[in-house]
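S.K.: build me a structure from this.
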Amino acid sequence: MEKHVFKLLPIFGFALVLFFSACSTDPGSEPFLAARDILDESYGSDLRQKMDVYLPAGRTQSDTPLLIYIHGGGWIDGDKSEFLQVKPILEKEFPGYAFVSLNYRLYDFATGRNGIPDQEQDIISAFNFIESKLPTWNISDDFIISGASAGGHLALLHAYKNNTSDIKAAVVFFPPTDLIELFPFSNFTSLGLTALLGGTPSTARAAYLASSPTSHIDSKDVPTIFFHGNLDTVVPISQSQLLEQKLKSADVRHKFTLVQGQGHGFTSETYTASLREAKEFIGKF
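M.R.: Presented below is the predicted three-dimensional model:
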């Protein structure tokens with residue numbers, strides 16, 4: 001009995017080697033990758049030019065889309081850690097996605113540096129860096145761009161003006177969209193925009209137009225869904241209403257949701273409902 005067992009073992013072992021060798025050389029298979037977080041990844045030389053990258057388990061270059069989030073803060077404040085507030089919701093509503101949360105240079109009143117045009121260039125640089133990393137991160141080039149407040153403004157500006165990537169949709173919250181119309185909203189807004197753009201709409205009109213997402217809308221722009229609270233006292237609802245009018249005129253697929261009872265910032269429940277609505281709007285690639 002024992003002699004027969006020892007004679008069969010080499011044959012059985014050889015069969016296993018052949019089996020696993022065949023599996024490992026299957027040209028259609030990809031290794032299963034564990035989830036990975038890459039924090040404070042630099043995309044430029046400035047200390048603010050960093051991003052946090054969240055890669056899901058089982059990602060592949062063919063089936064793992066990327067959502068890129070840009071934080072708010074009035075172009076003068078804020079941090080990419082803002083994303084952590086909505087990260088659990090996004091992971092639930094957008095399963096299988098990779099996520100990137102961006103920092104960008106903030107305006108410095110003391111030096112007059114890092115105005116909106118500089119921040120616009122940071123978003124371009126970040127996208128160029130992300131595209132160079134897609135094979136390393138093992139994710140696809142199907143992008144969604146997202147952001148809130150000033151981050152929503154920068155997201156839309158990139159999507160409509162500087163989009164050379166495969167951005168599939170924009171998802172934004174209470175965004176400034178027309179900076180000339182926004183200018184007289186409050187003394188704080190007027191002073192801030194004068195600093196950020198180097199003048200007023202009268203003295204620096206070209207800069208205001210160049211930095212307003214609504215100035216760059218055409219029929220080829222990405223589908224856009226946006227949300228605005230009816231109690232917002234920081235960015236007036238009229239900014240989203242103007243965006244809606246422009247997108248409608250250009251025949252761009254869009255959806256504007258006016259959220260009742262919410263101000264400049266939503267509750268967790270409202271963000272959950274909004275992101276679920278955004279996922280339905282975007283659909284599957």
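S.K.: from now on I want contacts and neighbour counts done on CA atoms only, so please keep to that.
M.R.: Will do.
S.K.: the stretch 101-250 of the chain: helices as residue ranges?
M.R.: 116-137, 150-161, 179-182, 187-197, 205-210, 238-249 (DSSP state H, counting those that start in this stretch).
S.K.: export these as TSV, with columns for mean neighbour count.
M.R.: TSV is the format used below for the helices of the stretch 101-250 of the chain (neighbours: other C-alpha atoms under 10 Å):
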stretch	mean neighbour count
helix 116-137	17
helix 150-161	26
helix 179-182	19
helix 187-197	18
helix 205-210	18
helix 238-249	17
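S.K.: redo those helices as JSON lines? Include mean pLDDT and distance to Phe281.
M.R.: Converted to JSON lines, those look like this (pLDDT from 0 to 100; distance: least, C-alpha to C-alpha, whole Å):
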{"stretch": "helix 116-137", "mean pLDDT": "98", "distance to Phe281": "24"}
{"stretch": "helix 150-161", "mean pLDDT": "98", "distance to Phe281": "17"}
{"stretch": "helix 179-182", "mean pLDDT": "98", "distance to Phe281": "27"}
{"stretch": "helix 187-197", "mean pLDDT": "97", "distance to Phe281": "32"}
{"stretch": "helix 205-210", "mean pLDDT": "98", "distance to Phe281": "28"}
{"stretch": "helix 238-249", "mean pLDDT": "98", "distance to Phe281": "15"}
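S.K.: for Ala278, which of the ones you listed is the nearest?
M.R.: helix 150-161 (14.4 Å; C-alpha to C-alpha).
S.K.: show the end-to-end separation of stretch 191-203, please.
M.R.: 14 Å (C-alpha to C-alpha, to the nearest Å).
S.K.: to Phe109, which of the helices of the stretch 101-250 of the chain lies closest?
M.R.: helix 187-197 (7.5 Å).
S.K.: for that closest one, packing partners?
M.R.: helix 116-137 (3 or more C-alpha pairs under 8 Å, 6 or more residues apart in numbering; DSSP states H and E).
S.K.: using CSV, list the CA coordinates for the helix it packs on.
M.R.: Output of helix 116-137 as CSV, limited to C-alpha atoms (Å, rounded to 0.1, in the frame of the first residue of the first chain):
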residue,chain,number,x,y,z
ILE,A,116,-6.9,81.8,-9.0
PRO,A,117,-4.8,81.5,-12.2
ASP,A,118,-2.0,79.8,-10.2
GLN,A,119,-4.5,77.4,-8.6
GLU,A,120,-5.8,76.6,-12.0
GLN,A,121,-2.3,75.7,-13.1
ASP,A,122,-2.0,73.5,-10.1
ILE,A,123,-5.0,71.4,-11.1
ILE,A,124,-3.5,71.0,-14.6
SER,A,125,-0.2,69.9,-13.1
ALA,A,126,-2.0,67.4,-10.8
PHE,A,127,-3.9,65.9,-13.7
ASN,A,128,-0.8,65.5,-15.7
PHE,A,129,0.9,63.8,-12.7
ILE,A,130,-2.1,61.5,-12.2
GLU,A,131,-2.1,60.5,-15.9
SER,A,132,1.6,59.6,-15.6
LYS,A,133,0.8,57.3,-12.6
LEU,A,134,-2.1,55.3,-14.0
PRO,A,135,-0.1,52.3,-15.0
THR,A,136,1.7,52.3,-11.6
TRP,A,137,-1.5,52.6,-9.6
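S.K.: which secondary structure elements does that helix contact?
M.R.: helix 150-161, helix 187-197.
S.K.: could I get the contacting residues of Phe173?
M.R.: 147-149, 152, 226-228 (C-alpha atoms under 8 Å, 6 or more residues apart in numbering).
S.K.: out of those residues, which sit inside strands?
M.R.: Among the contacts of Phe173, DSSP state E puts 147-148, 226-228 in strands.
S.K.: picking up where we left off before, distance to Glu82 added to the helices and strands packed on helix 116-137, as a markdown table?
M.R.: As requested, those are exported to a markdown table (distance: least, C-alpha to C-alpha, whole Å):
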| stretch | distance to Glu82 |
| --- | --- |
| helix 150-161 | 11 |
| helix 187-197 | 22 |
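S.K.: and of those helices, who's closest to Ser125?
M.R.: Among the helices and strands packed on helix 116-137, helix 150-161 sits nearest to Ser125 (C-alpha to C-alpha), with 11.0 Å.
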